[in-house]
Every structure is written in C-alpha cells, then in structure tokens.
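Undergrad: Predicted model follows, preceded by the sequence.
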Amino acid sequence: MDTFVQQLINGLTIGAIYALIALGYTMVYGILRLINFAHGDIYMVGAFVGYFLAFQLGFATGPSLVGLTVVLIGSMIAAALVGMAIERFAYRPIRKYARMTTLITAIGVSLLIENLFVARLGAAPRAFPQLLHEQSYTLFGNAAISKSQILIFAVSIALMILLQWVIFKTKVGTAMRAVSFNLNSAKLMGINTDFIISFTFALGSALAAAGGVLTAQYNPQIDPLMGIITGLKAFVAAVLGGIGNVPGAVLGGLLIGIAETFVVGYGQNVGVPTTFRDAVAFAILILVLLFRPTGLLGSTVREKV
Amino acid sequence: MPTLVKRLLAALVIVLLLVVINQYMSKEGLFGFGVPSYYARLIVLAGINIILAVSLNLITGFTGQFSIGHAGFMAVGAYSSAYLTVYYAQAWERSLGGIVGGSLAHALIFLLAILVGAIVAALAGLIVGIPSLRLRGDYLAIVTLGFAEIIRIVILNIDSVGGATGFTVPGYANFLWVYAFAIITIVVVYNIVHSDVGRALVSIREDELAAEAMGINTTRYKVLAFVISSALAGMAGVLAGHYLSFLSTNDFQFIRSFEIIIMIVLGGMGSLTGAILGAIVITFLPELLRTLGTRLESLLSSIIGANNIPAPVHRFLIDLANYRLVIFAALLILIMLTRPQGILGTREFGLSWLKRARRRPEGDKPVGTGGVPIAEQEPPSAIDRAKEAKNQ
C-alpha cells in the first residue's frame, strides 16, 4: 500500500508536467489544426532559459524562493516570446497551405531549435542549479513527498486554474474559443485572429516553459534533446484526452504519467521490462483510440457530405 | 517484337548496367577508376531511401493516408531477416553451396532473407493497418507513430537480436542488390498507381466519402496499400541492415519516419519521380553541408589568397560544419515556405517534359465531338431535336 501511494505520487508528478505541455499542444491544435512538433522543444528552451537566468542573476549559489519565482516567470516570458516568434515567422506564412506542409514546417522548426542548441551548447547534459531546499515529508506510513513534488503540484494546479480563468472568463479567452470554433467566422465577427493565434502560442509556450523549469527542479539534468520524447508523450496525452479539449489534456497527461510510473514500479512483477515505460503511453493511446476515435473527452464530429 | 520480349530485354540491359556500375562502387573499380567508399556508401544509402520514399508515397502520397510509422516496418523487416541470416544462413549456405555453388547459394539465401523480411513486415502492416486505418488524418498519424515506437521497444527487449547493444549482421547487400530492388519497387508502385487499384487509391485521397459512395471498398484498398507499402519498407530494412552490417533500434526511431516523410513532401507528394528526387536530396544535402565550409574556404583562398581571408570569415567557415543540421532544418523550412507543394508537386519528371510542358492525366482528356467537352457544347435547339426525331 505504501509503495502504491508512493508510485501514485511520483506518477502524478510526471503527469502534471505532461499535462502542462499537453495544454500547449491541445490549444494550438484546437485553433489551427496544427500539430506543433516544436512544442516539446519549447519546453527544453524554457529549462535552458531558466538555467542561464539562474546563473546570470546569481541565484545558482543557493536555494531561494525569490530566485525560483524570478527564474520561473522569466523563462515563461522568454518561451512565450519564442513561441510567438515561431508562429509569426514559420507558421503564419503557410497557414493556408495543406496540412502536410505545415506539419513538415513544424518538424523543421523542431529540428532547427534542437540542432541550434546542440551546436551552440553541446549535447552533454548540464546540472540545473537547485533553487529549492530539497526536503521530503512523510505521508501515510512510508510514502514520501518531496518539496519539489509539492512545488510541481502547486504551480501546475495554479497555472491550470489560471488558464481556465483566461479561457472562460476573459474577453481574449472568449475570442480564443470563437477562433477554435471557426476561424473564418471569428474573423467576420471582428476578432483579430492573428493576435489570438499569437496569444495562444504565447500561452502554450509559457506553460511548457514552466514545465521545463519545474522538471529541472525535480530531476536536475537538462540537455538540448530533452524535449523530444517528453514532447511526444505530452502530445500523446493531448490526443488521448481528445485533442483540442483543455480538460482532456490534463486528464491524458495525468493518466500517462501514472501508467508510466506503474510500469516501472510494478511491471517487473508481471514480466514487463522497465524499458516499456516509453511504449505504455502509445499502447494506451492506441487502445483508447480504437474504441473512442476522438479521445477520452473529445467530441465526435459528424462528417458532412 | 512482342512486348514481353522487349521488357525482358530491357530488364536484362538494366541488370547488366547495374552489374557494371557495381564494379565502380569499390576502390579499385574498373580500369583503375572507382568511386571512393564514402561516396559509394552515400549512393547505396540513397538507393535505400528511394525504396522507402517510393513505398511511403504509395500510402501517403497516392492514398492520402498519413502514416508516421514507416521506420517501424523497416525495423520489422531488418530484424526478422537478420535473425534468419545470423542464425541459419551459414549452415544453409554451406549445404546449399555443395549443390549449386557458393556465390549462387549466397545470392539465394539473401533473396530468401529479403522475402522473409518483406513478408513479416507485410504481416506487421496488416496487423497495424486493419485497426488503425479506421482512423483519419492526425489520429491515424499518431497511431502509426505509436505502433512504430512499440515495435521498436519490443525489438529492444528481444535479447536474441541484440537488444540494446545492437546486432551485428553479415554484410550481404551491395550496390547491385539495393538498386535492383529500388527499381523493382519503382516498377511495382508505378504499375499499382497506373492500374484500377491505383485509381481507387487516388479517389480515396481526393475524397474518401465520394469514393465510398462510388462503390469502392475504401477499407480494403487502404489496407492493401498499407500492406504493400509496409512490405516494401521491410525490404528496405533488410537491405539497410545487411549493407551496414549492424542494426541498432536507435536507427528506427520516429525521427527516421519523419525523414522519409520529409523526402516525399520535399519531392512532391503523389509524384513518383518526386519521391526519388526527395530521397536523393535528403541523403546528400546534409553531407554536402558537412563539407560546405572547407569547400567555400578553398574557393575563397584560390580567389584572394589563403592569407588574405579575414579571421572572422575563416572562423565562420570552420564553424559551418557544426551548424550543418541547423542549416538543413532552415533550408527545409525555407523550401516549405516558398514551395509548399514540393519540388515537383504532383507532376512527374520525365522525357515528356522535353516535349510538353505538362501532360494531362488520363481522366482529364476531353470527351465529346471535336474535343469539346460535352458540358461545354451548345445544347441542340428545339428545331434540331424535332428534325432528328423525324429522321428516325
């Protein structure tokens, strides 16, 4: 029982990170029908911006809450700018072209960011400075929760509530929903769709960067290729929940995080090697899509002839 | 001459040509000429990429079903055949060699390995295709990607094929084998596309619902195209594994599938020659970029002299090799921005380009009297119709 609770906590921690990244995928897909493959790299960019900010501003010397806040917000702002720049220069000019073209461009942007970072900084992993005085607390018997895990839960829940508020209670959120419902009609209603799309990229990128910095606190090793597999799994989480659906992304992220930890924790008891950790997300996705082709919370769209 | 004889002759000429070129693909070459091994290797890898791109084009370019799982089927073919050649081939070759001679036995065993790789990959394609082809668009894409990753991780956990340490495989394949099968792939795909099956596939791409309404069993055709495409990818996997003599599951990650998609999108989706062109460009471009800096520097030094090159320019040119993948990615984005339909679009490159700027596809030819489409002809007037009725 103790280990079960422990696994659940660890799973939810990873799941919360996946959920933060998945939100960006799902929002962009909801608005542009574009799989933004560069989103996983934004998560990496966020972690690296945090790394350099911590060193430049002198927070790397010791744990401090101020440092953590500054690094987190700074990297979120920087990533939002990067996301907006990508949208402006790579995706906007090809928005009207075929899906395949936009997809290849997204892959191109992803390769560009990864290779630029590898060329500038090298592929070797770097140690992220600890901004939090790490300490763990015991819950029910032997299960422990560390400070960084609490941080991840607190920040990600706060960000998700904030996002929900932005989407449902603000004017720009209403516009976002209108654009995702129908871009052309939204334009006819006087919505500045270019601005809304740009804003969506900024929002998604900021969330991914927060995920990057939080992960780096939990597992302090960052490298330029860290966004590939995490980004892919977050995308799977978004599809699992029903792409374009915001609560779905969170649900999908948490599910995949838990499933992964359980495979590592319990898999060997039933003969599943721990390397299947990376496969389980896909296995769940395939099973779910076979029975619910639009994901867990996705709405079915009736095809019109 | 009967067509069959003509075709057999053409095949013979091609095989002879390949055998001759094959001789050049070694250091000694023929008459002292030979392609350096670095280039020979690139040329062979281009051939493997041609098979992959052309086969993916069948399902993605012509049928319009977006698959990101090609590397998975490639891995299935590569590993299943490698299992055969590593564990059984030597014994079989020895016993068969006693009957038909060593080199023929060698060739027969490899032919068998290719067949096995293709069949196992086709089976994998069937198993993956039947459930996933019910999905459309991005959902299909992500499920094929998922299947490919699962295949890769399953292979990673099979110890008899090396697991995480990699798998050393006998080097059966060479230029001749790769290009012979590249040509077979092109012929197979060309014939499928220009048959009634091909028309059914294109109709699915253009509008799946309309195709279904016209009585086309879309699921059957989609699965058919998927299985054939997987079999050909498996074949490419067999050739790649037995050419490189080493298999590692890292070479079959989803980035490899992306690479193949990039080839066909770059060349022009739904164009056979486009896929071939894309495969060649994607194989050679990163390698060209690798030496771009030193080439530019030697060019510059021959113009203004080696000592006159400013230091920052020198440093930049040296640095260029590190940035080759950055430049590659930037070029990719640039091509998509400026030519979104790919280099060739859906057109084919061929001799007909010399004669006509653009050939009309079969179904586009006008029908009706004097080449005027029926819809554009003047409707017969009431008087004409009355006359006609009287005459009958």
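TA: Perfect, I can see it now. Numbering: from 1, shown residues only, chains lettered A, B, ... in the order given.
Undergrad: can you list the weak-confidence ranges in the chain?
TA: Assuming you mean chain A. Applying pLDDT under 70 to the predicted model, the residue ranges of chain A that meet it are A:1, A:300-305.
Undergrad: think we crossed wires, I meant chain B
TA: Judged by pLDDT under 70, chain B has its weakly predicted residues at B:1, B:26-33, B:350-392.
Undergrad: For it, just list every one of the strands.
TA: B:167-168, B:246-247 (DSSP state E).
Undergrad: Can you tell me the strand partners of the first one and which way each runs?
TA: Read it as strand B:167-168. According to DSSP bridges, strand B:167-168 has the following sheet partners: strand B:246-247 (antiparallel).
Undergrad: which residues are contacting the partner strand?
TA: Applying CB atoms under 8 Å, 6 or more residues apart in numbering or on different chains, the contact partners of strand B:246-247 are B:78-79, B:82, B:161-162, B:166-169, B:241. The C-beta positions use only the backbone N, C-alpha and C, and glycine is treated the same way.
Undergrad: Any idea how far it is from the middle of the chain?
TA: Here strand B:246-247 is found 21 Å from its chain centre; the criterion is CA atoms, centre = their mean, to the nearest Å.
Undergrad: From the contacts of strand B:246-247, list the buried ones, please.
TA: Buried by 16 or more other CB atoms under 10 Å in any protein chain shown: B:78-79, B:82, B:161-162, B:167, B:169, B:241, out of these.
Undergrad: tell me which element A:Met27 falls in.
TA: For A:Met27, the enclosing helix or strand under DSSP states H and E is helix A:2-32.
Undergrad: Quick check: next helix or strand after that helix?
TA: The C-terminal neighbour of helix A:2-32 among helices and strands, as given by DSSP H and E, is helix A:39-56.
Undergrad: mind listing what's buried in that next one?
TA: Neighbour counts using 16+ other CB under 10 Å place A:39-51, A:53-54 of helix A:39-56 among the buried residues.
Undergrad: how about the nearest residue to A:Leu68, chain neighbours excluded?
TA: Counting by CB to CB, 6 or more residues apart in numbering or on different chains, A:Leu131 is the residue found nearest to A:Leu68 once chain neighbours are left out, at 4.1 Å.
Undergrad: how about stretch A:252-272 against chain B, any contact?
TA: No: applying CB under 8 Å from any CB of the partner chain, one finds that stretch A:252-272 is not in contact with chain B, the shortest distance being 9.2 Å.
Undergrad: Mind listing what's buried along that stretch?
TA: A:252-265, A:267, A:272.
Undergrad: Report the contact partners of B:Ala180.
TA: With contact taken as CB under 8 Å, 6+ apart, B:Ala180 is in contact with B:15, B:18.
Undergrad: For the helix of greatest length in chain B, what is the distance to the chain centroid?
TA: Using DSSP state H to define each element, chain B has its longest helix at helix B:272-304. In terms of CA atoms, centre = their mean, the centre of helix B:272-304 is found 21 Å from the chain centre.
Undergrad: which helices and strands does that helix pack with?
TA: With contacts defined as 3 or more CB pairs under 8 Å, 6 or more residues apart in numbering or on different chains; DSSP states H and E, the secondary structure elements packing on helix B:272-304 are helix B:37-56, helix B:175-193, helix B:254-267, helix B:311-319, helix B:324-338.
Undergrad: Can you say which helix or strand has the residue in the stretch 201-305 of chain A positioned nearest to chain B in it?
TA: Chain B sits closest to A:Phe282 of the stretch 201-305 of chain A, with a gap of 3.3 Å, by CB to the nearest CB. Applying DSSP H and E as the criterion places A:Phe282 in helix A:277-291.
Undergrad: which helices and strands does that helix pack with?
TA: Contact partners of helix A:277-291 among helices and strands, from 3+ CB pairs under 8 Å, 6+ apart: helix A:226-241, helix A:246-266, helix B:102-132, helix B:137-156.
Undergrad: can I get those helices in a markdown table with distance to B:Ser302?
TA: Rendered in a markdown table, the data for the helices and strands packed on helix A:277-291 read as follows (distance: least, CB to CB, whole Å):
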| stretch | distance to B:Ser302 |
| --- | --- |
| helix A:226-241 | 42 |
| helix A:246-266 | 57 |
| helix B:102-132 | 47 |
| helix B:137-156 | 48 |
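Undergrad: I'd assumed A:Phe59 was in contact with the residue nearest to A:Leu68.
TA: Yes: using CB atoms under 8 Å, A:Leu131 and A:Phe59 qualify as a contacting pair, with a distance of 6.2 Å.
Undergrad: between the two, which one's more packed in?
TA: When A:Leu131 is set against A:Phe59 and neighbours are counted by other CB atoms under 10 Å in any protein chain shown, the residue ahead is A:Leu131, at 26 against 20.
Undergrad: Those residues of the stretch 251-392 of chain B touching chain A, which are they?
TA: B:254-255, B:258, B:261-262, B:265-266, B:269, B:322-323, B:325-326, B:328-330, B:332-333, B:336-337, B:340-341.
Undergrad: again, only this time at 6 Å
TA: Listed as neighbours of chain A in the stretch 251-392 of chain B under the rule CB under 6 Å from any CB of the partner chain: B:258, B:262, B:265, B:322-323, B:325-326, B:329-330, B:332-333, B:336-337, B:340.
Undergrad: re earlier: list the buried residues for the helix holding A:Phe282?
TA: Residues of helix A:277-291 classed as buried under the neighbour-count rule (16+ other CB under 10 Å) are A:277-286, A:288-289.
Undergrad: what does stretch B:123-134 give?
TA: Applying a neighbour-count criterion of 16+ other CB under 10 Å, the buried positions in stretch B:123-134 are B:123-125, B:128-129, B:132-133.
Undergrad: Please name the spatially closest residue to the residue in chain B that chain A sits nearest to (chain neighbours excluded).
TA: With distances taken as CB to the nearest CB, chain B approaches chain A most closely at B:Gly146, which sits 3.3 Å away. Spatial nearest neighbour of B:Gly146, chain neighbours left out: A:Phe282 (3.3 Å); criterion: CB to CB, 6+ apart.
Undergrad: show me the contacts for the residue nearest the centre of chain B.
TA: For chain B, the residue whose C-alpha lies nearest the mean C-alpha position (CA atoms, centre = their mean) is B:Ala53; its distance is 2.3 Å. By CB atoms under 6 Å, 6 or more residues apart in numbering or on different chains, the residues touching B:Ala53 are B:260, B:263-264, B:275, B:278-279.
Undergrad: Nearest to B:Ile43 among the buried residues of helix A:39-56?
TA: The shortest approach to B:Ile43 among these belongs to A:Asp41, at 33.0 Å (CB to CB).
Undergrad: now the helix or strand hosting A:Ser198 and helix A:39-56, what's the angle there?
TA: Secondary structure assignment for A:Ser198, by DSSP H and E: helix A:193-218. Inter-element angle recorded for helix A:193-218 and helix A:39-56: 60 degrees (by axes from the mean of the first three to the mean of the last three CA atoms, to 10 degrees).
Undergrad: And helix A:193-218, what does it pack against?
TA: helix A:2-32, helix A:39-56, helix A:65-86, helix A:147-169, helix A:171-181, helix A:183-188 (3 or more CB pairs under 6 Å, 6 or more residues apart in numbering or on different chains; DSSP states H and E).
Undergrad: what does the stretch 101-250 of chain A put close to chain B?
TA: The interface of the stretch 101-250 of chain A toward chain B, taken as CB under 6 Å from any CB, is made up of A:101, A:104-105, A:107-108, A:111-112, A:115-116, A:119, A:239.
Undergrad: tell me the two of those that are most distant?
TA: Using CB to CB, the pair of these lying farthest apart is A:Ala119 and A:Val239, separated by 31.6 Å.
Undergrad: The closest residue to B:Ile14 other than its chain neighbours - how many residues pack around it?
TA: Counting by CB to CB, 6+ apart, B:Ile183 is the residue found nearest to B:Ile14 once chain neighbours are left out, at 6.4 Å. The burial count assigned to B:Ile183 is 17, neighbours taken as other CB under 10 Å.
Undergrad: okay if I get the buried residues of stretch B:123-134 as TSV plus distance to A:Ile167?
TA: Shown next, in TSV, are the buried residues of stretch B:123-134 (distance: CB to CB, whole Å):
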residue	distance to A:Ile167
B:Leu123	46
B:Ala124	42
B:Gly125	41
B:Val128	36
B:Gly129	38
B:Ser132	32
B:Leu133	34
